[in-house]
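S.K.: after the sequence you'll find the predicted model.
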Amino acid sequence: MSNPFDVIIIGSGPAGYVCAIRCAQLGLSTAVIEQSSGVNNQPLLGGTCLNVGCIPSKALLDSSQRYADATGHLSEHGIGVGEVTLDIAGMMARKEKIVSQLTGGVSGLLKHNGVTVITGAAMLMSGREVAVTSGEGEVAHYTADHVVLAAGSEPAAIPPAPIDGERVVDSTGALCFDAVPERLGVIGAGVIGLELGSVWARLGAEVVMLEAMDQFLPNMDEQIAAESAKIFAKQGLDIRLGARVTGAEVDADGVSVSYTHQDSSVTERFDRLIVAVGRTPRTEGLFSADSGVTVDERGFVFVNDYCATEAPGVYAIGDIVRGPMLAHKGSEEGVMVAERIHGKAAQLNYEVIPSIIYTHPEVAGVGKTEQELKSEGVEYKAGTFPFAAIGRAQASGETDGLVKILSDAESDQILGAHVVGPSAADLVQQIVIAIEMAASTEDLQLMVFGHPTMSEAVHEAALAVDGRAIHMVNRAKR
Ligand code: FAD
Ligand code: NAD
């Protein structure tokens, strides 16, 4: 047994490394254990988010959008660019450079804050003892007053379409194709399917998405989901709802995918297939049976509202516990846990976590959806405003989509906001601030929004809640 720490954190993703930094800032002696390693056995920090998730996907989304602009939309601005060429290797190199800059940044931050980084696969035993197995198979034991499990998640698999890493890939494989597939199949029209499907569609692939559910984006506000579906169809994404995949056969030239759709059996040929059907918490080998840690019925580590597990002094944060699998959710849980270990009564408002799909345009939402308010029997008011009536959106040629704001019918307090359209992520963030400040739509109505900005759509949607939007004809005038 060696090195007793105040806090040991297992996993260096956005949940774990943020928790470690905050613990260290609070004066706690902190260690992070990370099992992934790269060159010279150096730990690969940053988890899914930095290495194979948020960051590389956004690098490719940005590059592919520039390609789409150069090959299509720039001519609308009166700009001719001649022959546009595509250098996939160059695009991938740019993505890798961004990843290594950011993971290097995390390494520097941990070092600067005095966090000890240990490389190896960790298992929590009883009594907050942690066994760490190195790449060479050596086992070291550490103890701490507090242990935080932040082991994250991995892509879910489905038996009809096993990953072979070549023709059939998960999200990680879809981030490093060496060429644009002519025909790309995607199983699952969720967040990853839409983002990575968009990347390859913009670069020239014909993309077909096979989604098992009959409803598109069921967790988003229904009106916004319906509007998004129309926009994606216009972009050429072929999304087939109610498609149940029964098999995928790989051969030398591609993959044949069989599925049932509207009572018929269909087989389609693709060059490549992405399986994006959700993610599962990474709990295997993470804790021993006598550690005191338990899992819930879905396999997530069981925690209370403050991320404490059933084992004294042991916490769990990020994708490994209930709630949305989002980097910012895990990071804020990390901060909350660090503060609580330090003795503060910190908490996290799980009702106000924004979610964003980084398509073009983006789809984003926070708080209650209209269907949730209906099913909960809440009396509410709704205001919507289309980007087509926003001067800045016209000037940018980004007129698809709308902003929707929902507020309590009596108190007018904002309960939710949902956007599909330009800068949706940043516009929804404005409402995150408003909800946290307990603002009403009247508060937004009385604020001055700069002109010409996309934010004016937020102002107008808030005005529309009371039938007093200026730049459209209101159904009910006040
Ligand atoms: P992870 O990031 O998964 O990190 C866990 C770490 O723990 C890993 O480094 C792992 O190696 C390590 N580990 C696991 N077990 C052990 C062990 N026993 N011992 C030692 N180390 C261990 N979220 C967003 O909010 N925005 C986005 O735009 C976004 N885009 C995404 C795009 C893609 C393609 C994917 C796949 C995900 C995306 N996500 C996004 C989700 C986001 O990446 C995750 O929610 C986030 O990374 C979870 O953070 P975490 O710290 O809980 O786990
Ligand atoms: P998801 O839950 O968003 O979508 C998976 C989709 O696959 C669902 O629509 C589901 O109905 C469908 N599906 C499941 N089984 C199927 C089957 N057998 N056949 C056909 N369809 C099937 O999950 P994801 O897209 O894999 O993403 C995983 C997680 O990563 C999500 O929880 C998400 O929060 C996170 N993520 C977030 C972002 C972001 O914040 N922008 C980006 C990527 C990933």
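M.R.: The structure has been received and is ready for your questions. Ligands and ions are numbered 1, 2, ... in the order given.
S.K.: how about residue 172, what does it touch?
M.R.: 52, 155 (Cβ atoms under 8 Å, 6 or more residues apart in numbering). For glycine as for every other residue, the C-beta is placed from the backbone atoms N, C-alpha and C.
S.K.: please point out which parts of stretch 107-119 sit buried.
M.R.: Residues of stretch 107-119 classed as buried: 107, 109-110, 115-119 (neighbour count, 16 or more other Cβ atoms under 10 Å).
S.K.: cool, stretch 299-314 as well?
M.R.: 300-301, 303, 307-309, 311, 313-314.
S.K.: and the two most separated of those residues?
M.R.: 300 and 313 (19.6 Å; Cβ to Cβ).
S.K.: restrict the buried residues of stretch 299-314 to contacts with ligand 2.
M.R.: Among the buried residues of stretch 299-314, not one lies near ligand 2 by Cβ under 6 Å from any ligand atom.
S.K.: would you format these as TSV with pLDDT, secondary structure and distance to residue 72 included?
M.R.: Formatted as TSV, the buried residues of stretch 299-314 follow (pLDDT from 0 to 100; DSSP: H, G, I helix; E, B strand; the rest coil; distance: Cβ to Cβ, whole Å):
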residue	pLDDT	secondary structure	distance to residue 72
300	98	coil	43
301	98	strand	46
303	98	coil	47
307	98	coil	46
308	98	strand	52
309	98	coil	51
311	98	coil	55
313	97	coil	56
314	98	strand	53
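S.K.: of those, which is the nearest to residue 351?
M.R.: Among those, and counting by Cβ to Cβ, the member closest to residue 351 is residue 307, at 16.2 Å.
S.K.: for the closest one, phi and psi?
M.R.: phi 70, psi 20 (degrees, to the nearest 10).
S.K.: run the chain-centre distance for stretch 301-311.
M.R.: In terms of Cα atoms, centre = their mean, to the nearest Å, the gap separating the centre of stretch 301-311 from the centre of its chain is 23 Å.
S.K.: relative to the longest strand along the chain, what are the paired strands and their orientations?
M.R.: Identified as the longest strand of the chain according to DSSP state E is strand 139-149. Sheet pairing of strand 139-149 (DSSP bridges) gives strand 2-10 (parallel), strand 129-133 (antiparallel), strand 314-316 (parallel).
S.K.: hmm, that strand touching ligand 1?
M.R.: No - using Cβ under 6 Å from any ligand atom, strand 139-149 stays clear of ligand 1, coming no nearer than 8.5 Å.
S.K.: list the buried residues in that strand.
M.R.: Applying a neighbour-count criterion of 16+ other Cβ under 10 Å, one finds 140, 142-144, 146-149 buried in strand 139-149.
S.K.: show residues contacting it.
M.R.: Here strand 139-149 has contacts from 1-11, 16, 19, 31, 118, 120, 124, 127-134, 286-287, 293, 301, 309, 313-317, 320, 334, 337, 341, using Cβ under 8 Å, 6+ apart.
S.K.: quick revisit: put together TSV for the strands paired with strand 139-149, with distance to ligand 1 on each row.
M.R.: Output for the strands paired with strand 139-149, formatted as TSV (distance: least, Cβ to the nearest ligand atom, whole Å):
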stretch	distance to ligand 1
strand 2-10	5
strand 129-133	7
strand 314-316	9
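S.K.: out of the ones you listed, which comes closest to residue 175?
M.R.: Nearest to residue 175, of all the strands paired with strand 139-149, is strand 2-10, at 24.9 Å by Cβ to Cβ.
S.K.: got the buried residues for that closest one?
M.R.: 5-10.
S.K.: ditto for stretch 24-36
M.R.: 24, 26, 28-36.
S.K.: what of stretch 312-325?
M.R.: For stretch 312-325, by 16+ other Cβ under 10 Å, it's 313-321, 323, 325.
S.K.: so how far is it off the chain centroid?
M.R.: A distance of 16 Å separates the centroid of the chain from that of stretch 312-325, by Cα atoms, centre = their mean.
S.K.: follow-up on the earlier one: gap between the longest strand of the chain and the chain center?
M.R.: Mean-position distance between strand 139-149 and its chain equals 29 Å (Cα atoms, centre = their mean).
S.K.: got the CA positions of it in PDB?
M.R.: Provided in PDB are the C-alpha atoms of strand 139-149 (Å, rounded to 0.1, in the frame of the first residue of the first chain):
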ATOM      1  CA  VAL A 139      -0.200  -4.200  -9.700                       C
ATOM      2  CA  ALA A 140       0.100  -1.300  -7.300                       C
ATOM      3  CA  HIS A 141      -2.200  -0.500  -4.400                       C
ATOM      4  CA  TYR A 142      -3.300   3.000  -3.300                       C
ATOM      5  CA  THR A 143      -5.700   4.300  -0.700                       C
ATOM      6  CA  ALA A 144      -7.600   7.500  -0.300                       C
ATOM      7  CA  ASP A 145     -10.100   9.200   2.000                       C
ATOM      8  CA  HIS A 146     -12.300   9.700  -1.100                       C
ATOM      9  CA  VAL A 147     -12.500   7.800  -4.400                       C
ATOM     10  CA  VAL A 148     -14.400   9.200  -7.500                       C
ATOM     11  CA  LEU A 149     -15.300   6.800 -10.200                       C
END
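S.K.: close to ligand 1, is the helix or strand just after it?
M.R.: Going down the chain from strand 139-149, the next helix or strand is strand 153-155, by DSSP states H and E. Yes - using Cβ under 6 Å from any ligand atom, strand 153-155 reaches ligand 1 at residue 153.
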